[in-house]
Each structure stands twice: as structure tokens, then as C-alpha cells.
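Quick one, fold the following:
(2 chains)
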Amino acid sequence: MSLSIEQMNSMQIDVLKEIGNIGAGNATTALAMMLNKKIDMSVPKVEILEFKEVTKLLGGEEIPVCGICLDVDGDITGNIMFLLTGKSSKMLANLLMAREDNSETLDEIDRSALKEIGNILSGAYISSLTALTGLNMKISVPSLTTDMAGAILSVPIIQYGKVGDKVLLVETEFNAGADDIKGFFFLVPDAGSYEVLLKSLGVLE
Amino acid sequence: MAKIIKVGMADLNVMKESGILTTLGLGSCVGITLYDPLKKIGGLAHIMLPSSKSIRNNSNLAKFSDTAVRLLLDDILKLGASRARLVSKLAGGAQMFAFSNRNDIMKIGERNVIATKEVLRELHIPIVAEDTGGNFGRTIELYTDTGKMLIKTIGQGIKEI
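Modelled structure (predicted):
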């Protein structure tokens, strides 16, 4: 038996939203430290969306995006995914490598840099979750793909699709200097892991 | 201008007039087309998961391979297609992220393709072409006047099956 987003009460959803908030906040702090730059972050928006609305948010199914996905293992299993629009991924890679590369494509160094960013952001996200819940979680090495938004989003959406028709999404926007970078986090627990998470926080019997 | 019907994720549609049935950004999902070459009637389903049987909340029939293919078949027969003439084409079922260890979520594309083939076999509908697997997304277009399927990708070019 597994709980879907639709079946949760408003208290449980608020708790999940708050976790998303804290996780994204910690992740952004980690990024600021890594880049050694002041990074302004908007309050993360946590939304529960229908499948088709998710791709709209990114600008359409065929928009090129960059997805970094990691396995989560331990008391909770699932995946964590960090998604950047094509432009944001290039800007972030440039920031990290301190270079001005105006080409649109990601080269090997960019990809490696972005994987590392995904690793650090996801690590910060998960460690804040671990601290909050007392649950044991660890993450795998990151895997990076650039492709159509629809194709990359099919990965978390399918996972959510097993239990319902909605997705929980954390949208976080940050800027460093003149560059606006928009990133999205998906925490995608396997069936049964939402229960473990909510129980550990005392909002599920 | 040709009529275009867009099929979303966990959705399906059929078309009798000359036009295009399309679904955008297929990843691990599978696009399944049925086509009657004589009457020039086409149908397209965009499924997400292999089977409705192991899932409790399975009210959306277009989400699962086993139920979506049957629903698509019903719909296309209602438009006047002949069951004996129907042929199918498949695309999608990619594995978007590479992981060495577990797990079933990463192999979902492959499982979607296997399940779809199984259902089509049970229904005795031949698969005349497919472009499945790989690690990239696809946008597909089914042209109802020819039955041709166009597959567009980022970085892997465009092809016709």
C-alpha cells in the first residue's frame, strides 16, 4: 500500500513542502560556498502539479534541458533529480569554471562540472533531510543527460505515475551577479517511501 | 494546413481525416500507433507504465500499456478501421539515465516496450516498424495519409519508419 500525493492531507503536504524548502535552501548555500560568490535565492516554490503542467513550466516538451539524477538508498529509496534549463546549465557551468563560453552546447568539462554541482546540491538537500528526519540516506554518483524536457521528465513522472497523477516539484531560482539561473528539484521516493518519510516526521500514524 | 492532434503523456487519440497525430518528448514512455492503410485511419497512444494490474490507482486507462492498447483499438474500430488490416509502429522506451546498480525505475523503458509487444501479440496486431531503446528522447509524428512515422530527436537526427 502506498500513499499518493492526492491522498495526503494538507498537513502532510505542508510538511513535504517545508522539507523541499529547507532542502533547496541548503543546496543553494552549498552552491554559494562552492562558487565563493554571493548567491541570491528566491523562496523556493513548492508545487503539486499535474503531469502536463510540469513540462509547461519548463517551456514545453521539446525544450532542451539538462537533468542530473542520483539514486537515493537507505531508509528511504528513490531518486533525486536536479533539472536546469539549457541556458541555465551553460551559465552555471561557466560560473563554476570561471570562463566565458558562448557556445550553446555543453562540452565534456561543462558536463563534468554540472555533475559535480548536481552531486553537491543533492548531497546538501539529502543531508538536510537526514538531519530533519533522523533517517539514514545515501546518494549514488550522479548521471547527467541533456535532452528534451518531456523525455527527461518522464523519469520522475513515471515514478509518480505508479501511485497517482500528480507530481511534487520544488522550483528554486537563484542568481549570481547578472545571471539568473533557474533550477528545479524533484525528490522522487519509491512506493512506500513517502510513508517512511512522513512517519519519521510524526505526521502519519 | 494539415490538422494536427497532440497526444499528451498518458493520453491517446485517433484520427480519420488527413493529418498528423503527434506526441512530444517521449523518454521512457512508449508511443504506440495503430493504422489502417486502406481507410487511412490512425491512432496514437502515449503510455507510461507497462501494466495496470499491479497498480491500485489505475483509473486512467491511457497510462498503462495493457489497457491503453485495447482502448486505442476500440476507438480506432469505432472510426471504421478494419481490425484485420491494422498495423502497429512503436517508438520510445529509452533509458534516460545510466546507472550501474539497481533498479526497476531505470529499466522502465525496456519494460514498457516488452509489455507493449506482448499486448499487441495477444491482439494479433503486427508490429511493422519500431525505433525503441537507446538513451535519448523522441518526438513522433504519424501521418494518417501515408502511415509513415517521423521520429525527431536532439542530436540523433530525424528518421522515418
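
Now for the residue of chain B found nearest chain A, how many residues are close by?
Minimum separation of chain B from chain A (CB to the nearest CB) falls at B:G25, amounting to 2.0 Å. From N, CA and C alone the C-beta is placed, and that goes for glycine too. Using other CB atoms under 10 Å in any protein chain shown, B:G25 has 28 neighbouring residues.

That one: what secondary structure?
Following DSSP: H, G, I helix; E, B strand; the rest coil, B:G25 is assigned to strand.

Quick one, grab the pLDDT at it.
On pLDDT, B:G25 comes in at 90.

which ones are touching it?
A:T55, A:E61, A:E62, A:M148, A:A149, A:G150, A:A151, A:L153, A:S154, B:G137, B:R138, B:T139 (CB atoms under 8 Å, 6 or more residues apart in numbering or on different chains).

count of neighbours near the residue nearest to B:G19 when sequence neighbours are not counted?
Closest residue to B:G19 apart from its sequence neighbours, by CB to CB, 6 or more residues apart in numbering or on different chains: B:K3 at 3.5 Å. Burial of B:K3 is recorded as 11 neighbouring residues (other CB under 10 Å).

cool, and the one 5 residues further on?
As a burial measure, the neighbour count of B:G8 was computed by other CB under 10 Å and equals 17.

B:V119 now?
For B:V119, the neighbour count with other CB under 10 Å is 22.

next one: B:N58
Neighbours of B:N58 using other CB under 10 Å come to 16.

Identify the residue of chain A closest to chain B, quick one.
Per CB to the nearest CB, the residue of chain A with the smallest distance to chain B is A:G150, at 2.0 Å.

Distance of the closest residue to that residue other than its chain neighbours relative to A:I120?
Leaving aside its sequence neighbours, A:G150 sits nearest to B:G25 (CB to CB, 6+ apart; 2.0 Å). Taking CB to CB, to the nearest Å as the criterion, B:G25 is separated from A:I120 by 28 Å.

Neighbours of residue 40, how many?
Just so you know, I chose chain A. Residues contacting A:D40 under the criterion other CB under 10 Å number 12.

think we crossed wires, I meant chain B
17.

how far away is it from B:K148?
To B:K148, B:K40 is 12 Å away according to CB to CB.

Just say helix, strand or coil for B:I32.
Going by three-state DSSP: B:I32 is strand.

now do A:I68
Secondary structure, three-state DSSP: A:I68 is strand.

do you know how far the residue nearest the centre of chain A is from A:F174?
Nearest to the mean C-alpha position of chain A, by CA atoms, centre = their mean, lies A:F185 at 1.7 Å. Distance of A:F185 to A:F174, given as CB to CB: 12 Å.

And for A:D101?
20 Å.

out of the two, which sits in the more crowded spot?
Between A:D101 and A:F174, A:F174 has the larger neighbour count (other CB under 10 Å), namely 21 against 14.

ok, which stretches of chain B are helices?
B:65-78, B:108-122 (DSSP state H).

okay, the angle between the shortest one and helix B:108-122?
In this case it means helix B:65-78. Here helix B:65-78 runs at an angle of 50 degrees relative to helix B:108-122 (axes from the mean of the first three to the mean of the last three CA atoms, to 10 degrees).

burial measure for A:V170, as a count.
A:V170 has 23 neighbours, counted by other CB under 10 Å.

Tell me which residues touch it, please.
Counting by CB under 8 Å, 6+ apart, A:V170 makes contact with A:G20, A:N21, A:G23, A:A24, A:P44, A:K45, A:V46, A:F184, A:F185, A:F186, A:L187.

what residues are up against A:S89?
With CB under 8 Å, 6+ apart, A:S89 has these contacts: A:V65, A:C66, A:L106, A:D110, A:L114, A:T146.

give me that answer again for 10 Å
For A:S89, the residues meeting the contact criterion (CB atoms under 10 Å, 6 or more residues apart in numbering or on different chains) are A:64-68, A:83, A:106, A:110-111, A:113-114, A:117, A:144, A:146, A:181, A:183.

among the contacts of A:V170, who's most crowded?
Taking other CB under 10 Å as the neighbour criterion, A:A24 ranks highest of the contacts of A:V170 with 30 neighbours.

Can you tell me the SS state at it?
Taking three-state DSSP as the rule, one finds A:A24 in the helix state.

rewinding a little: pull up the overlap in contacts between A:F185 and A:F174.
Contact criterion CB under 10 Å, 6+ apart; residues shared by A:F185 and A:F174: A:A24, A:A27, A:P44.

which residues touch the last one?
Meaning A:P44. By CB under 10 Å, 6+ apart, A:P44 lies in contact with A:17, A:20-25, A:27-28, A:169-174, A:183-185.

Of those, which belong to helices?
Counting by DSSP H, the part of those found in helices is A:K17, A:G20, A:N21, A:I22, A:G23, A:A24, A:G25, A:A27, A:T28.

can you redo the residues you listed as TSV with pLDDT?
TSV is the format used below for the ones in helices among the contacts of A:P44 (pLDDT from 0 to 100):
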residue	pLDDT
A:K17	80
A:G20	81
A:N21	81
A:I22	84
A:G23	83
A:A24	81
A:G25	83
A:A27	83
A:T28	82
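
which of the residues you listed come close to chain B?
Subset of the ones in helices among the contacts of A:P44 in contact with chain B: empty, counting by CB under 10 Å from any CB of the partner chain.
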